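[1] Output the structure for:
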Amino acid sequence: MDTLIDNLDLWWPALGRTVILFFASAAMALVLGAIVGAMRVSPVPIARAVGTAYVNLVRNTPLTLIFFFFALGFPALKVVPLSFTSLAILALGFYTATYVAEALRAGINTVPVGQAEAARAIGLPFGQVMTLIVLPQAFRSIVPPMMSVLIALLKNTTIAAGFSVVELGSMRANLSERGEPAMVVLLWIAAFFVAMVLLLSWLQRTLEKRWKVYR
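    Predicted coordinates for the structure are as follows:
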């Protein structure tokens, strides 16, 4: 416990930064992933091609390379000066959105085709068919795989430690300068992540139970 209590001045900011990275990049991934997922099933060939190219290119690129692009390549464009934390959020959201899109596409395929056809028959455009009919049902069916994606995202936040972002993944190096045993620090980091994963698992069970009633 001494390793934790004696270094709360480092633990709390690191934990807070990890939470910020997770929620901000998760929000970006969900929004971008929903857009790309809709593009993947769009009746417009160009939209399908762009969505497919984005998913195949980004998903098959190592996350570390995505981080290198945003940490080194994006600032070179001199578009908007951003902090390393903001760049890490962009990298995580940009990468995770591909998995969100694929999970959502699988959920869309579970919605009976007749519902979309009936919506089009009464004159609804593709955008309204997706937002009013298909996506609400698709989100209900993809809670387990979506939570798996979010859990992976939570663990991927540790990669930001290698790009000058102070979060839980950087605590071993930071506390080693204070003479704290590395193994104890790693066990505390693992404990924090286990606790957060358990919270996500509880949220998954809650959503599944709640949405099961309305199906």
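
[2] Pull up the per-residue confidence for G169.
    At G169, the model reports a pLDDT of 77.

[3] Then the one 10 residues further on?
    Note on G179: pLDDT of 73.

[4] tell me the secondary structure for it?
    Following DSSP: H, G, I helix; E, B strand; the rest coil, we place G179 in the coil state.

[5] and it, how many neighbours?
    6 (other Cβ atoms under 10 Å). C-beta here means a position set from N, CA and C on the backbone, and glycine is covered the same way.

[6] so what's the backbone phi/psi at it?
    Main-chain torsions, G179, degrees, to the nearest 10: phi 80, psi 20.

[7] Which helix or which strand is home to the spatially most central residue of the chain?
    Geometric centre of the chain, nearest residue: A26, 3.8 Å, by Cα atoms, centre = their mean. Per DSSP states H and E, A26 falls inside helix 8-40.

[8] helices or strands up against that helix?
    When contacts are defined as 3 or more Cβ pairs under 8 Å, 6 or more residues apart in numbering; DSSP states H and E, helix 8-40 sits against helix 45-59, helix 84-110, helix 143-156, helix 171-176, helix 182-214.

[9] Give me the buried positions along that helix.
    By 16 or more other Cβ atoms under 10 Å, the buried positions in helix 8-40 come out as 10-11, 14-15, 17-18, 20-22, 24-26, 28-30, 32-40.

[10] ditto for stretch 200-211
    For stretch 200-211, the neighbour count (16+ other Cβ under 10 Å) marks Q204, L207 as buried.

[11] gap between that stretch and the chain center?
    Per Cα atoms, centre = their mean, to the nearest Å, the displacement of stretch 200-211 from the mean C-alpha position of its chain is 18 Å.

[12] and that stretch, C-alpha only, in PDB?
    Provided in PDB are the C-alpha atoms of stretch 200-211 (Å, rounded to 0.1, in the frame of the first residue of the first chain):
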ATOM      1  CA  LEU A 200     -17.400  -2.000 -18.200                       C
ATOM      2  CA  SER A 201     -18.600  -5.600 -17.800                       C
ATOM      3  CA  TRP A 202     -21.200  -4.500 -15.300                       C
ATOM      4  CA  LEU A 203     -22.400  -1.800 -17.700                       C
ATOM      5  CA  GLN A 204     -22.600  -4.500 -20.400                       C
ATOM      6  CA  ARG A 205     -24.800  -6.700 -18.300                       C
ATOM      7  CA  THR A 206     -27.000  -3.800 -17.300                       C
ATOM      8  CA  LEU A 207     -27.500  -2.700 -20.900                       C
ATOM      9  CA  GLU A 208     -28.200  -6.300 -22.100                       C
ATOM     10  CA  LYS A 209     -30.800  -6.800 -19.300                       C
ATOM     11  CA  ARG A 210     -32.400  -3.400 -20.000                       C
ATOM     12  CA  TRP A 211     -32.600  -3.700 -23.700                       C
END
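
[13] Please pull out the lowest mean pLDDT helix or strand from the chain.
    helix 2-5 (a mean of 71; mean pLDDT, DSSP states H and E).

[14] on that earlier part again, lowest-confidence stretch among the helices and strands packed on helix 8-40?
    Of all these, mean pLDDT reaches its minimum on helix 171-176 (a mean of 76).
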